[in-house]
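Here's my sequence, what's the structure:
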Amino acid sequence: MKRFEFFAALALFSSTVIATAAPDRVLAADAKYPQHSVRMIVPYPPGGAGDIVGRMLSARLTETLGQQVVVDNRGGGGQVIATQLSAIAPPDGHTLFLASATHSVNAAVRKNLPYDTLKDFAPITLVAQSPLVFVANQSLGVGSIKELIAAARAKPGRINYASSGPGTGGHMSVELLKSMSGVDLVHIPYKGAGPALTDVIAGQVHMMCTSPLAAMPHVKSGKLRALAMTGLKRSSFAPDVPTVAETLPGFETTLWYAVLAPAGTAQSIVRRLHDDTVKIVRSKDFTQQLESQGAEPVGNSPQELQKFIQAEMAQWTRVVKQAKITLD
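Numbering: from 1, shown residues only. Down below sits the predicted model:
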């Protein structure tokens with residue numbers, strides 16, 4: 001063999017070995033994931049529905065990942081603080097973000113967000129969806145949306161409602177109700193659903209719209225009254241509770257929770273997190289936990305989640321424009 005042919009063959013062999021070995025080295029590095037505890041940033045204080053879902057999921061991920069998954073509650077700021085913190089975290093799979101419907105709402109109602117809702121995150125999977133529920137303190141003396149609207153018309157500006165913060169699903173749902181019914185309800189924002197719900201139960205605030213996951217146990221105990229669900233159809237979880245749409249046709253809002261990672265996270269890690277999370281979400285006991293509180297497990301692909309968030313952003317942009325909703 002001529003010298004040129006020998007070196008050409010040697011170069012081809014070497015490049016083949018390198019091309020084959022490189023993915024192996026990457027996979028070997030990712031196989032060590034996670035190398036230490038994983039932080040799950042939850043944009044709520046303890047006690048609310050998002051916190052409940054976050055803790056349910058983190059406990060199960062701790063088992064499957066072999067490292068502690070720690071919930072980091074970062075309530076306040078309309079979830080912008082927690083979202084930005086998640087966006088700028090190192091993209092190594094050791095920081096996860098439990099996004100909610102507010103993630104897409106903020107993109108519709110807030111200008112100059114310090115992050116890009118789509119580009120700054122790697123989607124993992126949609127964990128669960130559920131309608132929200134309008135609940136009121138017994139002292140308000142209303143038992144349905146129809147009665148609430150009548151009371152609000154009789155006392156304009158004298159009935160207040162709590163929310164887990166400006167731009168959250170509960171806030172937007174009440175604002176949509178106000179727009180469609182023409183009533184005047186006063187918004188009292190909190191830093192999370194937990195503190196808001198506590199004050200509604202105590203009678204410090206008249207009512208709120210929130211997740212059944214957090215509210216329905218208090219309805220069952222008699223501390224609160226369920227006025228209506230926000231889905232188009234009645235929930236199998238609470239079939240006796242009517243929908244808002246039965247009084248205001250076309251009314252619909254939903255609450256959802258999804259797992260995201262910072263953009264740039266290795267695809268092998270995204271796949272690992274996706275596969276483990278979907279397996280948990282679709283497990284019998286986790287499904288039963290969610291369904292017992294009115295939520296529906298999902299567990300879709302990263303691509304499907306990205307399209308879902310895009311569709312949510314488009315929907316809320318339309319709602320904001322039609323209802324002329326602005327943040328406090």
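
what pLDDT, on average, does stretch 93-110 get?
Average pLDDT, stretch 93-110: 94.

can you check stretch 320-327 too?
74.

can you map out the helices along the stretch 51-200 of the chain?
Here the stretch 51-200 of the chain has its helices, by DSSP state H, counting those that start in this stretch, at 80-87, 101-109, 145-154, 169-181, 193-202.

tell me the angle of the shortest one relative to helix 101-109?
Inter-element angle recorded for helix 80-87 and helix 101-109: 100 degrees (by axes from the mean of the first three to the mean of the last three C-alpha atoms, to 10 degrees).

And for the fourth one?
Helix 169-181 runs at 50 degrees relative to helix 101-109, counting by the same axes, to 10 degrees.

Go ahead and measure how far stretch 273-291 is from the middle of the chain.
Remark: stretch 273-291 is offset 16 Å from the chain centroid, using C-alpha atoms, centre = their mean, to the nearest Å.

Buried residues, that stretch. List them.
Buried residues in stretch 273-291, defined by neighbour count with 16 or more other C-beta atoms under 10 Å: 273-274, 276-278, 280-281, 286-287, 289-290. C-beta: built from backbone N, CA, C; applies to glycine.

TSV for the helices of the stretch 51-200 of the chain, including mean neighbour count?
Converted to TSV, those look like this (neighbours: other C-beta atoms under 10 Å):
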stretch	mean neighbour count
helix 80-87	21
helix 101-109	24
helix 145-154	18
helix 169-181	23
helix 193-202	21
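
rewinding a little: nearest to Met229 among the buried residues of stretch 273-291?
Leu290 (15.8 Å; C-beta to C-beta).

Correct me if wrong, but that closest one is in a helix.
Yes - checked against DSSP: H, G, I helix; E, B strand; the rest coil, Leu290 lies within a helix.

Restricted to helices, list the buried residues of stretch 273-291.
Of the positions in these, 273-274, 276-278, 280-281, 286-287, 289-290 sit in helices, assigned by DSSP state H.

Tell me where the model's unsure across the stretch 1-150 of the chain.
Applying pLDDT under 70 to the stretch 1-150 of the chain flags residues 1-31.

longest strand of the chain?
strand 121-131 (DSSP state E).

Give me the sheet partners of that strand and which way each runs.
When pairs are called by DSSP bridges, strand 121-131 turns out to pair with strand 254-262 (antiparallel), strand 296-297 (antiparallel).

who's in contact with the last one?
Outside strand 296-297, the residues that touch it by C-beta atoms under 8 Å, 6 or more residues apart in numbering are 127-130, 281-282, 286-287, 290-291.

Now do the helix or strand that that strand is followed by: which elements does it pack against?
Beyond strand 296-297 in the direction of the C-terminus, DSSP states H and E gives the next helix or strand as helix 302-323. With contacts taken as 3 or more C-beta pairs under 8 Å, 6 or more residues apart in numbering; DSSP states H and E, helix 302-323 sits against helix 101-109, strand 121-131, helix 169-181, strand 254-262.

Show me the domain layout of the chain.
Split into domains by automatic domain parsing, the chain comes to 31-129+255-323, 133-246.

Just checking the distance from stretch 58-78 to the centre of its chain.
That offset, for stretch 58-78, works out to 14 Å (C-alpha atoms, centre = their mean).

Now do it: distance from first to last residue.
One end of stretch 58-78 sits 23 Å from the other (C-alpha to C-alpha, to the nearest Å).

which parts of that stretch are buried?
The neighbour-count check on stretch 58-78 (16+ other C-beta under 10 Å) flags 58, 60-61, 65, 69, 71-76, 78 as buried.

Wait, Ala107 touches Met313, no?
Yes - with contact defined as C-beta atoms under 8 Å, Ala107 reaches Met313; the gap is 4.8 Å.

Name the nearest residue to Val270, sequence neighbours excluded.
Nearest residue to Val270 in three dimensions, chain neighbours excluded: Ala122, at 5.5 Å (C-beta to C-beta, 6 or more residues apart in numbering).

Kindly state the beta-bridge partners for the one you found.
Per DSSP bridges, the residues bridged to Ala122 are Ala261.
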